[in-house]
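[1] build me a structure from this.
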Amino acid sequence: MYAPSFGLAREPFSIAPDPRFLFMSERHREALAHLLFGLQGGGGFVLLTGEIGAGKTTVCRCFLEQLPAHCNVAYIFNPRLTVTELLRAVAEEFRIGALPPAATATVKDYVDALNAFLLREHAAGRNNVLIIDEAQDLTPELLEQLRLLTNLETAERKLLQIVLIGQPELRTMLQAPQLAALAQRVIARYHLQALSAAETEAYVRHRLEVAGAQGPLPFDAGALKRLHALARGVPRRINLLADRALLGAWSQRRERVDRRTVAQAAREVFDDAALTPATRSRRIALAAGAGLLAAAGLWAAVQHWRADRSGAPGITAPRDAAAAAAQASAPAVAASPAASAAAAGAAGASAAASAPVVIPAIGLDALWPRLEADDTAAWRALATYWPGTAAADDPCAADGPLRCHRSAALTLAQIRQLDRPGLLTLVDPAGRPRSALLVGLRERDALLRLGTDTVALPIDALAARWRGDFSTLWRRPAGNDAAAIAAQLGGSEHDDAAAQRARIAAFQRAQGLSADGRAGPLTLMQLNRAAGVSEPRLEH
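    As a prediction, the model looks like this:
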């Protein structure tokens, strides 16, 4: 309707899956690298989680495109089944013939048929991958049956790789004591975060350009910021909101969308409390339809992938898993990067701020003896990035100007957002821990500081040994009460407590943090960064 008025050949923000509009942000590429790395694990589970509309389907489609030619794929998009129904669905997806009648078949019948099929394919040099979408709908009984399927093996390797794709509650489910055995078989996991403000703008620009836009963006700078905040960086919400905002600008005969138009569109699209029952019903139907469209698009991608493997023209894929992983996570080797402290102004005067030579990426096993087994030494190494302030041997047990913060479950995307060096705990195959000083994150590799050297390590190699913890140092600003912080964010010190919390929560959402409205350490770190406070930064 509005497309011609903005110089567009088609609607740019349709929620229907269209490969022409594919947009892979940094965190989508990182998620893809984890899936491809997991494929090399020789069995077990690979876990991809994310909020509704975060782009899990996009990542899965790209994963299919990069699977090697010797892989068989079974894709289950509706796992609300009984155990026997699920096993039969998997067998049918793998195109196993001569199955017994569904009315009389037992679990053993299906497991035997799958085992025979997997052994034949293994003997023929083919791998087998089972992808289960909406995996948060799996019952504990189904999850346990899937774990038992990963017991199918030869003397050399597992015969089945299982990829679970689901919403955040899937991670919580796998923490249940009765699923501990399954959780121990997860060899790669990634939680897909929302887009940053810069990525949201790039996403909007990309879709408009694909739709035919050639001139300036029809969104002004304020509208883009408002779009990111209200859509929370979730691609599907961005589509819904941007589409409605363009329609609003067109109906008002405006050439560009401003903040007010975006805010009005958000009230019409997202404010459920203000909806009439009829409108709410239409909204629920729209959301359900969006999910079905995504599943249908991925199912079509699987069929296209299969047709390509049968000889039909289509997707070209790498010939082996190593080549596929190399496409997503090949390490970049720099000649002479600046240390993160040097990028932090005054911090550049520290001993840590010298510009070491980056050693070409090598395996983590070769680096293992050089990692710190002593937490005290690791904290001291980290403290050199904050010159002029002495750190205790364990800053987390001290109450000084330089304080520590430990996070038990961060993603690399969140660490990129925090943009400060810190300590990671890595484990060897026997579960023994070592501390690693992370000083940089690039597109495909992480930079670890080892003495006077900096080593570039592929992100997928790091993820295989890292459990998601992150520890760092920070200085508490002088004025850090809620009123002063709200004032820094554009409010007034005289605002009431609810208004202060709302302003802090809005800032947290924009920074990819939990929007609880309380100014904890992570919020204060990001507030310092936004204010331009001189602190150590990661090498990029």
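
[2] mind checking the SS state of Ser222?
    Just so we're on the same page, residue 222 is Gly rather than Ser. helix (DSSP: H, G, I helix; E, B strand; the rest coil).

[3] that one: neighbour count?
    Number of residues near Gly222 (other Cβ atoms under 10 Å) recorded here: 13. For glycine as for every other residue, the C-beta is placed from the backbone atoms N, C-alpha and C.

[4] for Leu142, give me its contacts.
    Contact analysis of Leu142 by Cβ atoms under 8 Å, 6 or more residues apart in numbering lists Pro79, Leu81, Val83, Leu86.

[5] farthest-apart pair in those, please.
    For the contacts of Leu142, the maximum inter-member distance is 11.1 Å, found between Pro79 and Val83 (Cβ to Cβ).

[6] between these two, which one's more packed in?
    Applying other Cβ under 10 Å to Pro79 and Val83 shows that Pro79 carries more neighbours, namely 21 against 15.

[7] for Leu457, what is the enclosing helix or strand?
    Assigned by DSSP states H and E, Leu457 falls within strand 453-458.

[8] any idea which strand is longest in this structure?
    strand 433-441 (DSSP state E).

[9] which strands or helices does it pack on?
    Packing partners of strand 433-441 (3 or more Cβ pairs under 8 Å, 6 or more residues apart in numbering; DSSP states H and E): helix 375-383, helix 412-418, strand 422-427, strand 445-450.

[10] out of those, which gets nearest to Gln252?
    Comparing the helices and strands packed on strand 433-441 against Gln252 with Cβ to Cβ, the closest turns out to be helix 412-418 (35.5 Å).

[11] neighbouring contacts of that closest one?
    With contact meaning Cβ under 8 Å, 6+ apart, helix 412-418 is reached by 26-27, 30, 193, 196, 422, 438, 441, 446, 459, 463, 470, 472, 511-512, 522, 525-526, 529, 538.

[12] now with 7 Å?
    Contacting residues not belonging to helix 412-418 are listed as Arg27, Glu30, Gln193, Ser196, Leu441, Ile459, Phe470, Gln511, Gly512, Leu522, Met525 [Cβ atoms under 7 Å, 6 or more residues apart in numbering].

[13] the residue nearest to the spatial centre of the chain and Asn239: what is the separation?
    Nearest residue to the geometric centre of the chain (Cα atoms, centre = their mean): Leu192, 2.2 Å. Distance, Leu192 to Asn239, using Cβ to Cβ, to the nearest Å: 16 Å.

[14] how about Val427?
    Using Cβ to Cβ, Val427 is found at 40 Å from Asn239.

[15] can you check Glu169 too?
    Taking Cβ to Cβ as the measure, Glu169 falls 23 Å from Asn239.

[16] comparing these two, which residue is more hemmed in?
    Of the pair Glu169 and Asn239, Asn239 is the one with more neighbours under other Cβ under 10 Å, namely 23 against 12.

[17] surely that one touches Ile15?
    Yes. Contact criterion Cβ atoms under 7 Å: Asn239 and Ile15 qualify, at 5.3 Å.

[18] in the stretch 1-150 of the chain, where is pLDDT below threshold?
    17, 19, 40-42 (pLDDT under 70).

[19] show me where it has helices.
    Assigned by DSSP state H, counting those that start in this stretch, the helices in the stretch 1-150 of the chain fall at 26-39, 56-65, 83-93, 107-123, 140-149.

[20] for the nearest residue to Val234 once chain neighbours are set aside, what are its contacts?
    Distances taken as Cβ to Cβ, 6 or more residues apart in numbering put Gly53 closest to Val234, at 4.7 Å, once the chain neighbours are dropped. By Cβ under 7 Å, 6+ apart, the contact set of Gly53 is Val234, Pro235, Arg236, Arg237.

[21] and if you look at Val46?
    Residues near Val46 by Cβ under 7 Å, 6+ apart: Leu35, Gly38, Gln161, Val163, Ile187, Ala188.

[22] over to Leu538?
    Leu538 neighbours (Cβ under 7 Å, 6+ apart): Ser340, Asp419, Arg420, Pro421, Val439, Gly440, Leu441.

[23] could you measure it against Lys108, distance?
    Per Cβ to Cβ, Leu538 is found 53 Å from Lys108.

[24] ok, Leu367 touching Val455?
    Yes. At 6.2 Å, Leu367 counts as touching Val455 under the criterion of Cβ under 7 Å.
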